[in-house]
Each structure stands twice: as structure tokens, then as C-alpha cells.
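> sequence? don't have it. structure:
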């Protein structure tokens with residue numbers, strides 16, 4: 001966890017604006033202290049421009065997006081834009097660090113299980129057959145993707161379909177934060193579909209306090225955290241899922257099996273200086289399961305909380321960095 005070397009300066013304004021809209025199948029909201037001369041329309045347009053760019057890069061629902069063009073490309077090198085390269089490289093770094101628990105190449109499996117552009121599987125439809133899963137696995141796998149740094153290209157091995165949904169929302173949060181900072185709105189809180197990043201402090205000098213969303217029905221106490229120049233992402237099994245024969249299939253796919261996870265993890269929350277990295281790590285730790293996730297997050301110095309459903313109820317695993325972060329915060333101050 002990055003520590004603040006000095007208290008953030010209070011923003012020049014005294015009013016907090018609230019802006020919002022739709023993006024990436026969810027909603028975005030921003031609270032900010034506007035710089036002198038700014039207008040709500042101007043700031044909203046700047047935010048929406050960044051979000052539209054993320055869709056143009058990473059939305060598999062848009063057939064003209066860069067990710068759709070890569071997925072449809074024949075075998076061979078595909079030159080990537082600089083923003084796309086940056087995000088893909090970060091996703092592959094986390095794949096390396098987690099032995100593929102966060103795998104950005106599972107687009108075929110995501111579609112097969114009903115979480116991609118083809119849409120959700122009907123509740124009474126048959127589940128994918130073992131043959132279908134095997135075929136999707138055959139064209140997936142982060143180890144099959146190679147980056148040619150000199151050419152700025154990714155080598156499409158043929159049939160591989162990227163899916164960067166586990167990192168794109170976090171990247172969007174970072175882009176919006178950077179854009180607002182360039183415009184002089186250095187104090188802000190951004191949320192896109194559960195991924196948040198706070199910068200600076202409010203006019204009263206207080207940080208941006210946020211409540212972390214627990215799994216539905218979990219008896220765990222509500223966690224409140226201060227986002228001062230830090231981001232947080234939560235991956236939860238209730239956000240996108242479908243039911244079949246009374247069993248819940250969450251959207252997080254384990255690339256080792258080709259199936260949605262069955263390790264009981266209900267949610268993972270990760271704090272990081274980058275919303276993009278918090279997003280990616282939250283997904284990776286969800287796939288790893290409570291014990292391996294806690295050990296790996298601890299080894300990487302991550303502030304992470306893992307909530308798991310058990311016959312005895314929801315259990316909680318915390319890394320030392322997460323415990324230290326919570327002990328340092330006093331929301332009643």
C-alpha cells in the first residue's frame with residue numbers, strides 16, 4: 001500500500017459536484033471539486049470522451065473495437081495501439097505472476113458460458129458440453145499469446161479471443177482520474193461498476209470515504225475505507241451469474257478448467273495505487289481461491305480481503321497489508 005508522505009492539500013473550491021452517466025453496461029459516477037471556470041457540461045463531456053475511448057479499445061460488443069478486430073484477425077502479427085498495448089501487457093504481467101489465474105485470452109470460454117456478446121444462457125438451456133469446453137480451451141491460454149515489442153504487435157496464433165473485462169473498467173477509472181487531474185480537478189472520487197479511485201481530499205480536508213459492498217446475505221460488517229490517492233476494486237460472484245438446476249454459475253472463468261469458478265469465493269477486494277491493477281488482481285485472486293489467494297497477495301504486498309462461502313457461513317481472509325490499512329483508518333474522525 002502506498003503511504004502518503006504528507007497530507008493532501010485542500011482543494012481551492014468549496015462545493016462538491018456530482019456527475020454521472022452510463023458506460024460499458026453499467027453506470028459511472030464522479031464526485032469532484034471543480035477547478036475555476038469549469039462547467040458541469042464540460043467536465044461530463046471530458047469524462048465521457050475517456051469512457052468512449054475505452055469502449056472503442058476493449059469492448060467485444062462493438063465489432064469495430066480494437067479488441068474485436070484482433071479477435072477476428074487471421075493468424076499472424078497484429079499491430080496494437082499504444083493504449084491497447086499498455087493494458088494487454090499489464091494483463092499478461094498479472095497472468096505471469098499468478099500462473100494464468102488472471103488470463104486475458106479466455107474470450108471463447110466467456111462467450112461459451114454466456115457472459116460475452118452472444119448473451120446469457122437461458123436458465124433451462126443445457127450447459128456447455130465437455131467437447132465444447134475442450135474446443136474453447138484449445139484456442140485459449142495466455143501462454144499462446146506473444147508480444148513483439150519491436151513491432152508493437154501481438155501475435156495472433158489463430159482463433160484466440162481476448163477478453164479484457166477483468167481489467168478494462170479499472171483502466172477506465174484510471175483514465176478518467178488522469179483526465180480530471182489534467183483539467184485541474186485534482187480532488188475527485190470515481191466509480192465505474194464497483195471499481196473506485198479517490199484523489200485528493202474534500203473541501204473540509206476529509207478523504208473520500210466509501211463503503212465496500214459485501215456479498216448479499218453476508219453477515220460480515222460493512223467495511224468503510226478512505227480513498228486518498230488510492231483505488232479499490234471488488235470482484236463478486238453475484239454481479240454477473242446465471243442459475244442452472246439451482247446452482248449459481250458466476251462470470252469468473254477458471255482458465256485451468258474452462259469452467260466458472262467453484263472454489264466458494266464470494267468476493268475479493270483489493271486496494272492498489274492503480275484501479276487497473278486492483279481490478280486485475282481482484283479477478284486473479286478470485287480464481288485462485290482463499291488460501292492460495294491470501295498467500296500470493298501477501299507475498300506481493302497487496303491489501304486484499306477474500307470472502308468465502310462455507311457451510312458455516314461467510315469466512316474472511318485478510319492480508320497483513322489490508323489489516324494495516326483498516327487499522328490506520330477511523331471513519332468517525
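Great, that's in hand. Bear in mind that the values here come from a model prediction, so they are computed numbers and not experimental data.
> go ahead and flag the most central residue of this protein.
The centroid of the chain falls nearest to residue 279 when counting by CA atoms, centre = their mean (2.8 Å).
> now that residue. Nearest residue, chain neighbours left out?
residue 170 (2.8 Å; CB to CB, 6 or more residues apart in numbering). In this view, the C-beta of every residue, glycine as well, is placed from N, C-alpha and C.
> look up how far residue 71 lies from that neighbour.
According to CB to CB, to the nearest Å, residue 170 stands 21 Å off from residue 71.
> over to residue 297?
For residue 297, the distance to residue 71 equals 31 Å [CB to CB].
> pick out whichever of these two has more residues nearby.
residue 297 (27 against 20; other CB atoms under 10 Å).
> can you name the residues that contact that one?
The contact partners of residue 297, by CB atoms under 8 Å, 6 or more residues apart in numbering, come to 270, 281, 285, 304, 306, 319, 321.
> check which helix or strand covers it.
Assessed by DSSP states H and E, residue 297 sits inside helix 290-299.
> list the buried residues for that helix?
Residues of helix 290-299 classed as buried by neighbour count (16 or more other CB atoms under 10 Å): 290, 292-294, 296-298.
> quick one: low-confidence ranges for the protein?
Applying pLDDT under 70 to the chain flags the ranges 1-13, 123, 216-221, 238, 328-333.
> packing partners of whichever strand or helix holds residue 270?
Per DSSP H and E, residue 270 falls inside strand 265-272. With contacts defined as 3 or more CB pairs under 8 Å, 6 or more residues apart in numbering; DSSP states H and E, strand 265-272 has these neighbours: strand 230-236, helix 275-288, helix 290-299, strand 303-310, helix 320-328.
> so which of these is the most packed in?
With neighbours defined as mean count of other CB atoms under 10 Å, these peak in mean count at helix 275-288, which reaches a mean of 28.
> for residue 46, give me its contacts.
Residues in contact with residue 46 (CB under 8 Å, 6+ apart) are 179-180, 183.
> quick one, helices of this protein?
Remark: helices assigned in the chain by DSSP state H are 40-58, 66-72, 82-97, 107-112, 130-138, 165-182, 275-288, 290-299, 320-328.
> residues in contact with the residue lying closest to residue 212 once chain neighbours are set aside?
Taking CB to CB, 6+ apart, and ignoring the residues beside it in sequence, residue 212 has residue 223 as its nearest neighbour in space, at 4.3 Å. If a contact means CB under 8 Å, 6+ apart, then residue 223 has 211-212, 214, 269, 305, 326 as its contacts.
> quick check: the farthest pair among these?
Across the contacts of residue 223, the longest distance by CB to CB is 14.3 Å; it joins 214 and 326.
> re earlier: need the buried residues of helix 290-299 in CSV (columns: distance to residue 140).
Listed next are the buried residues of helix 290-299 as CSV, based on distance: CB to CB, whole Å:
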residue, distance to residue 140
290, 25
292, 21
293, 22
294, 27
296, 22
297, 25
298, 29
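> residue 187: which of those is nearest?
residue 297 (29.4 Å).
> how about the closest one: what's its closest non-neighbour residue?
residue 304 (4.0 Å).
> equivalent analysis for residue 144, please.
Per CB to CB, 6+ apart, closest to residue 144 is residue 157, 4.9 Å.
> let me see the contact set for that neighbour.
75, 144-146.
> so who does residue 132 touch?
Counted by CB under 8 Å, 6+ apart, residue 132 has contacts residue 112.
> relative to residue 94, how far out is the residue lying farthest from the centre of the chain?
In the chain, residue 37 marks the outermost C-alpha relative to the chain mean, sitting 33.0 Å out by CA atoms, centre = their mean. With distances taken as CB to CB, residue 37 is found 40 Å from residue 94.
> and residue 327, by the same measure?
27 Å.
> and for residue 167?
Applying CB to CB, the value for residue 167 to residue 94 is 8 Å.
> cool, residue 245 as well?
33 Å.
> neighbour count winner among these two?
The neighbour comparison of residue 245 against residue 94 (other CB under 10 Å) goes to residue 94, with 24 against 7.
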